[in-house]
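Trainee: Show me how the following folds:
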Amino acid sequence: MMLRKFWHYGQDVILPTAVFAFMLLAWELAVKAFSVPQYLLPAPSVIYAATVAEGPAVMFHTWATIRTVLAGFLLSVAVSIPLGFTLASSRYASNAIYPLLVLTQAIPKVALAPILVIALGANEMPRIAVTFLVAFFPLVISVATGLMSTPSELIELGRSYRAGRLQEFFRIRIPFAIPFIFSGLKSAITLSVVGAVVGEFVTSDRGLGNLIQTSTAFFQVPLAFGAVTILAILGIVLFQIITAIERVFFPWSIRQQSAGS
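Mentor: Numbering: from 1, shown residues only. Okay, here's the model as predicted:
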């Protein structure tokens, strides 16, 4: 009975962990069995050893990337949520602003990054700007979609109780949009990691993107793989932090998503 209960609550962690461990083991054995050179595909044990050997430098670059990711993400939240409210509250604003949002996504961020360096200088601002541009669009769309997806029955019920426009917005539309907003936040935080690395590839003397470039330039492929692994872990951890915040402060949102699926 205890084992069954443990499996019921732990399978979301146990199954992915077991599959991941099996993949690592298969990777390790395949590299050794076929004598694959390290500069093509290093074994997981070699990646771990190379990353640990450069521990202080790896930590320095990791912290630089985390700062950029968080700065770009928080800026996207500060801009996207009010903008999503504006798009949902006014049809004229939506018709005027939405094409411009699509235009910003049509421009490749890698092509835009060098221009941002010229405009903002060779500092952290271009990297934050690229991170913001990558992250904000899905959040804006999620906020606007959630607010506009409120069932008309709820709107009519609120109006039958003489709810004003602000009361309708804050007591009906926003609570209903919470699952959409957190879905956008989860997408934005993972895309922020991508945007930060793109910015570091273009202009940076620090960060995991810079570490990947310098490592591959000197054929330190295991260290580059280690930086990529840290980026993946960073994205997973930040995603889970957003999920935990949703579970703690809006548990009904999780139940609503489960019921919808």
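Trainee: Can you name the residues that contact the residue nearest the centre of the chain?
Mentor: With distances taken as Cα atoms, centre = their mean, Thr190 lies nearest the centre of the chain, 1.3 Å away. Residues near Thr190 by Cβ atoms under 8 Å, 6 or more residues apart in numbering: Gly235, Leu238, Phe239. For glycine as for every other residue, the C-beta is placed from the backbone atoms N, C-alpha and C.
Trainee: Show me where the stretch 151-261 of the chain dips below the pLDDT cut-off.
Mentor: For the stretch 151-261 of the chain, residues meeting the criterion pLDDT under 70 lie at 253-261.
Trainee: just the helices in it please.
Mentor: 152-160, 165-168, 174-202, 208-217, 221-249, 251-260 (DSSP state H, counting those that start in this stretch).
Trainee: can you put the ones you listed in a markdown table and add distance to Phe60?
Mentor: Output for the helices of the stretch 151-261 of the chain, formatted as a markdown table (distance: least, Cβ to Cβ, whole Å):
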| stretch | distance to Phe60 |
| --- | --- |
| helix 152-160 | 51 |
| helix 165-168 | 48 |
| helix 174-202 | 13 |
| helix 208-217 | 9 |
| helix 221-249 | 12 |
| helix 251-260 | 37 |
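Trainee: closest to Ala119 out of these?
Mentor: Closest of the helices of the stretch 151-261 of the chain to Ala119 is helix 174-202, at 12.9 Å (criterion: Cβ to Cβ).
Trainee: Need the CA coordinates for stretch 62-74. PDB is fine.
Mentor: This file holds the C-alpha atoms of stretch 62-74, laid out as PDB (Å, rounded to 0.1, in the frame of the first residue of the first chain):
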ATOM      1  CA  THR A  62      26.500  31.000 -14.900                       C
ATOM      2  CA  TRP A  63      25.800  33.900 -12.500                       C
ATOM      3  CA  ALA A  64      26.300  36.400 -15.400                       C
ATOM      4  CA  THR A  65      23.700  34.500 -17.500                       C
ATOM      5  CA  ILE A  66      21.300  34.200 -14.600                       C
ATOM      6  CA  ARG A  67      21.400  38.000 -14.100                       C
ATOM      7  CA  THR A  68      20.700  38.600 -17.800                       C
ATOM      8  CA  VAL A  69      17.900  36.100 -17.800                       C
ATOM      9  CA  LEU A  70      16.100  37.500 -14.800                       C
ATOM     10  CA  ALA A  71      16.600  41.100 -15.900                       C
ATOM     11  CA  GLY A  72      15.100  40.400 -19.300                       C
ATOM     12  CA  PHE A  73      12.300  38.300 -17.900                       C
ATOM     13  CA  LEU A  74      11.300  40.800 -15.300                       C
END
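Trainee: In it, which residues are buried?
Mentor: Thr62, Ala64, Thr65, Ile66, Arg67, Thr68, Val69, Leu70, Ala71, Gly72, Phe73 (16 or more other Cβ atoms under 10 Å).
Trainee: Perfect, that will be all.
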